[in-house]
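Enquirer: I need the structure of the sequence given here:
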Amino acid sequence: MLITAPCVVSLTWRLQDAQGNSIDELVDPVEFFVGGDDLLARVEEALIDQTTGFEASLHLEPEHAFGDYDSALVFFEERSLFPAELEVGMQFDGVPEGATTQGMPPDLAYTVTEVYESHVVLDGNHPLAGIALRLDLVVRDVRAATEAEIEASTVDQPVFTVMNTAPGGTHLH
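Expert: Take a look at the predicted model:
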């Protein structure tokens with residue numbers, strides 16, 4: 001089957017930074033919706049009109065991946081707002097309850113980058129913001145999207161979401 005929107009592709013990949021340092025490796029195929037929100041635009045562009053077995057090596061500058069790093073998305077909040085077992089690398093969806101900093105975008109995932117006795121540093125940038133990436137991918141399968149997938153514009157497995165950024169626990173998919 002030819003990859004055209006809408007459809008679902010199963011991919012494996014190896015993701016590295018521009019210096020060749022490994023960031024993630026997806027060994028078992030994962031499904032992504034083509035024509036929706038599951039894939040970065042440059043990745044989707046490379047897949048269109050290809051078939052099962054297609055391989056690509058993509059170089060993604062920050063503006064085509066997770067954007068430039070924005071220091072305005074770094075915030076300081078009171079330590080008392082967070083659980084006692086707080087660690088660098090933990091993430092919170094949205095603004096923490098009781099946050100006092102004005103202008104924190106409510107729709108971001110915030111990563112704890114520093115923990116001090118009196119305050120916590122939260123970073124609303126994607127952990128890969130500002131980083132050029134190399135993505136080596138293989139199309140393992142292509143199938144027609146279901147009506148539910150087409151309606152949702154996703155297979156419910158968002159791509160490149162950081163699942164656990166605690167040291168040693170980073171896994172993107």
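
Enquirer: For stretch 125-137, buried residues please.
Expert: Of the residues in stretch 125-137, those buried by neighbour count under the rule 16 or more other C-beta atoms under 10 Å are 125-129, 131-135, 137. (Glycine included, C-beta is placed from N, CA and C.)

Enquirer: actually stretch 86-93, not the one I typed
Expert: The neighbour-count check on stretch 86-93 (16+ other C-beta under 10 Å) flags 89-92 as buried.

Enquirer: one step back: now for the buried residues of stretch 125-137: which two are most distant?
Expert: Set against one another by C-beta to C-beta, the buried residues of stretch 125-137 have their most distant pair in 125 and 137, with a gap of 24.1 Å.

Enquirer: Just the ones of the buried residues of stretch 125-137 in strands?
Expert: Judged by DSSP state E, the buried residues of stretch 125-137 include 133-135, 137 as members of strands.

Enquirer: Return the member of these nearest to residue 64.
Expert: Distances from residue 64 to those, taken by C-beta to C-beta, are shortest for residue 133, at 8.8 Å.

Enquirer: I'd guessed the closest one sits against residue 16; true?
Expert: Yes: using C-beta atoms under 8 Å, residue 133 is in contact with residue 16, at 7.0 Å.

Enquirer: I'd like the next helix or strand past the one helix or strand in the chain whose mean pLDDT sits lowest.
Expert: For the chain, scoring each helix and strand by mean pLDDT, DSSP states H and E identifies strand 91-93 as the least confident one, at a mean of 92. Reading on from strand 91-93 to the C-terminus, the next helix or strand found by DSSP states H and E is strand 109-115.

Enquirer: Need the contact partners of that following strand.
Expert: Strand 109-115 is contacted by residues 74-75, 79, 82, 86-96, 104, 120-125, 127, 162, 165 when judged by C-beta atoms under 8 Å, 6 or more residues apart in numbering.
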